[in-house]
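Asker: Just need the structure, nothing else, for what follows:
(one chain, ligands or ions: 3)
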Amino acid sequence: MHVFTTAAALQSFVEASRRAGRRLGLVPTMGALHDGHLQLVQAAAADCDDVVASIFVNPTQFNNPEDLRLYPRLPEQDTALLAGAGCTALFMPGVEEMYPQPTVLHFDFGPLERVMEGAHRPGHFNGVATVVSKLFHMARPHRAYFGQKDFQQVAIVRQLIADLSFDLELVVAPTIREADGLAMSSRNRRLSPEARAVAPLLHQVLEQAASQVRQGLAPTQVQAGALAALAQERQFTPEYFEVADAQTLQPLAHYEAGRSVVLCVAAHLGGVRLIDNIVV
Ligand SMILES: Nc1ncnc2c1ncn2[C@@H]1O[C@H](COP(=O)(O)OP(=O)(O)OP(=O)(O)O)[C@@H](O)[C@H]1O
Ligand SMILES: CC(C)(CO)[C@@H](O)C(=O)[O-]
Ligand code: BAL
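Answerer: Ligands and ions are numbered 1, 2, ... in the order given. As a prediction, the model looks like this:
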């Protein structure tokens, strides 16, 4: 596996790969890898001739400086995991390389970003769209792999690809969970044993709410029930629980036949902010 720290080195690898007629997959990450990331790499390796994974803790998408400071960083361990999962090139740039000058780009995704993560993390999707656009330009993938765990991010990236005519296919992989249902996340490493013990409640509440949606319980009642269930565990501070249209991500007042519903949750647990979702 090649390891590149500069865009120029990555680009010459990518150009050689393309000239040889090889298909290239890109897996963008922020590192501290787990099985959720590795399934993306494995899926890319199954579909593509070359797999570029990126590890970059992107400062422009963090609205909370403490979250950025404490974000887990495990470059040696990550490098070994990627090599074992079929990655052919790892791009691990520093902040200077990705942002040689302060970025002034401004994206507006309209209603898609005015809800949930976009509403609660000001500037977050601007930073995501900026770095993802740069990675797409640098790696020029035929396919890019993202996880459903970040449901709204997938919707934003889909819109970005369409609006900027990126010539690539978006591949979305399902959320990989721990045995007790907790969605794998790099931030789980920061949970204390006490917090980790109650963390699966997030997924349990989603499952319970999903069954209420299937039974036709009104969205506002599903939302209120889920928030109350989370608040019962004193270690949890719920931030939002939304019953939304899975395409537009707008909160639903009532269900419409033939349209999927997504339930999305964000909650703080012992100083760590967790998100999860389920499509009904
Ligand atoms: N449990 C998971 N299952 C499937 N895909 C995942 C999972 N966790 C992360 N991903 C995907 O991996 C890619 C990189 O995500 P990222 O590096 O932010 O990891 P993360 O575990 O989501 O970290 P955190 O949520 O703590 O920032 C994203 O496309 C994300 O959706
Ligand atoms: C897509 C991404 C790597 C951009 O920094 C990040 O938002 C993530 O890890 O999901
Ligand atoms: N996994 C999404 C990246 C973030 O939380 O900033």
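
Asker: check whether the least confident helix or strand in the chain by mean pLDDT contacts ligand 2.
Answerer: Every helix and strand in the chain was compared by mean pLDDT, DSSP states H and E; the lowest is helix 65-70, with a mean of 94. No. Helix 65-70 is not in contact with ligand 2 by CB under 6 Å from any ligand atom; minimum separation 11.7 Å. Yep, even glycine has a C-beta here, placed from its N, CA and C like the rest.

Asker: Need the contact partners of that helix.
Answerer: 57, 59, 62, 190, 273 (CB atoms under 8 Å, 6 or more residues apart in numbering).

Asker: Pull out the buried residues from the residues you listed.
Answerer: 57, 62, 190, 273 (16 or more other CB atoms under 10 Å).

Asker: still on that earlier bit, next, the buried residues of the least confident helix or strand of the chain.
Answerer: With the criterion 16+ other CB under 10 Å, helix 65-70 contains no buried residue.

Asker: which element follows that helix toward the C-terminus?
Answerer: Helices and strands here follow DSSP states H and E; after helix 65-70, the next one along the chain is helix 75-85.

Asker: tell me the mean pLDDT over that next one?
Answerer: What helix 75-85 shows for mean pLDDT is 97.

Asker: and what of stretch 117-128?
Answerer: pLDDT averaged over stretch 117-128 gives 97.

Asker: That stretch and ligand 1, are they touching?
Answerer: No. Using CB under 6 Å from any ligand atom, stretch 117-128 stays clear of ligand 1, coming no nearer than 9.6 Å.

Asker: Tell me who's in contact with the most centrally placed residue in the chain.
Answerer: Nearest to the geometric centre of the chain sits residue 150, at 3.6 Å (CA atoms, centre = their mean). By CB under 8 Å, 6+ apart, the residues touching residue 150 are 117, 275.

Asker: Please report the distance of it from residue 258.
Answerer: If you measure residue 150 against residue 258 using CB to CB, to the nearest Å, the figure is 26 Å.

Asker: how about the least confident helix or strand of the chain as PDB, C-alpha atoms only?
Answerer: Extracted in PDB, the C-alpha atoms of helix 65-70 (Å, rounded to 0.1, in the frame of the first residue of the first chain):
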ATOM      1  CA  PRO A  65     -13.100  23.100  19.000                       C
ATOM      2  CA  GLU A  66     -13.000  20.600  21.900                       C
ATOM      3  CA  ASP A  67     -14.500  17.900  19.700                       C
ATOM      4  CA  LEU A  68     -11.700  18.600  17.200                       C
ATOM      5  CA  ARG A  69      -9.000  18.500  19.800                       C
ATOM      6  CA  LEU A  70     -10.300  15.200  21.300                       C
END
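
Asker: dump the residue contacts of the residue of the stretch 151-280 of the chain at minimum distance from ligand 3.
Answerer: The stretch 151-280 of the chain approaches ligand 3 most closely through residue 153 (6.0 Å), counting by CB to the nearest ligand atom. By CB under 8 Å, 6+ apart, residue 153 lies in contact with 117, 125, 128, 146.

Asker: quick one: the spatially closest residue to the second one that is not a sequence neighbour from residue 168, how far?
Answerer: Take residue 125 and drop its neighbours on the chain: the residue closest to it by CB to CB, 6 or more residues apart in numbering is residue 113, 4.7 Å away. Per CB to CB, residue 113 is found 21 Å from residue 168.

Asker: If you count surrounding residues, which of the two has more?
Answerer: A direct count of neighbours by other CB atoms under 10 Å for residue 113 and residue 168 places residue 113 higher, at 23 against 16.

Asker: mind checking pLDDT for that one?
Answerer: 97.

Asker: Dihedrals phi and psi, it?
Answerer: phi -110, psi 0 (degrees, to the nearest 10).

Asker: now residue 90, what's its secondary structure?
Answerer: strand (DSSP: H, G, I helix; E, B strand; the rest coil).

Asker: switch to numbering from 2
Answerer: Sure thing, new numbering starts at 2, so read that last one as residue 91.

Asker: Report the beta-bridge partner residues of it.
Answerer: Counting by DSSP bridges, residue 91 is bridged to residue 4, residue 54.

Asker: That one contacts residue 11, correct?
Answerer: No. Residue 91 is beyond contact range of residue 11, at 9.5 Å (criterion: CB atoms under 8 Å).

Asker: what touches both of those two?
Answerer: Contacts common to residue 91 and residue 11, judged by CB under 8 Å, 6+ apart, are 5, 53.
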